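Q: Predicted coordinates and the sequence they were generated for:
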Amino acid sequence: MAAFGVLAAALGVVGLVAPDVLLTVMGFEPVPEGGRADGDHTLVFLTASSMAALNMGVYYVLAALADWKAFFRWTVPFRLLTCAVFTLAVVTGRAPAGFIGVGLWEGLGAVVTGLALRYEKRAVPGAQAPA
């Protein structure tokens, strides 16, 4: 959880400071300075999602430091949903193929988190099962 949080926060900072770098990492072709059409709000949405990633990353790190198992359980279904939505965006042509990595990252994170919670549940007698 902490590793995911640090990476999410770091990518959020990258998106805020160097949005073209983040676009390139996600498989999008950056538009040269002055090349955006009137009404193109790509950078506004990138700023908003980058700020959300920064905040989310901090939440994950704080939850990891507090060992907040309920938070960890809550993330599993929502990260699987994110994986499905992002993967579908690539499959339907709404996003470039490079964006599949974002979906796979979310799916893998959900699976690893779920497995870790299940392992800990079995290792600690009387612990509550993951939801």
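A: Received the coordinates, thanks.
Q: Buried residues of the strand or helix carrying residue 10, list them for me.
A: Assigned by DSSP states H and E, residue 10 belongs to helix 2-17. Buried residues in helix 2-17, counted by 16 or more other C-beta atoms under 10 Å: 4, 5, 8, 9, 11, 12, 13, 14, 15. C-beta coordinates here come from the backbone N, C-alpha and C atoms, glycine included.
Q: which one of those is nearest residue 24?
A: Distance to residue 24 across the buried residues of helix 2-17 (C-beta to C-beta) is lowest for residue 14, with 10.3 Å.
Q: nearest spatial neighbour of that closest one, skipping sequence neighbours?
A: In space, and not counting its chain neighbours, residue 14 is closest to residue 22: 5.1 Å by C-beta to C-beta, 6 or more residues apart in numbering.
Q: Show the contacting residues for that neighbour.
A: Counting by C-beta atoms under 8 Å, 6 or more residues apart in numbering, residue 22 makes contact with 11, 14, 15, 46, 50.
Q: which secondary structure elements does the helix holding residue 10 contact?
A: Counting contacts by 3 or more C-beta pairs under 8 Å, 6 or more residues apart in numbering; DSSP states H and E, helix 2-17 packs against helix 19-25, helix 42-66.
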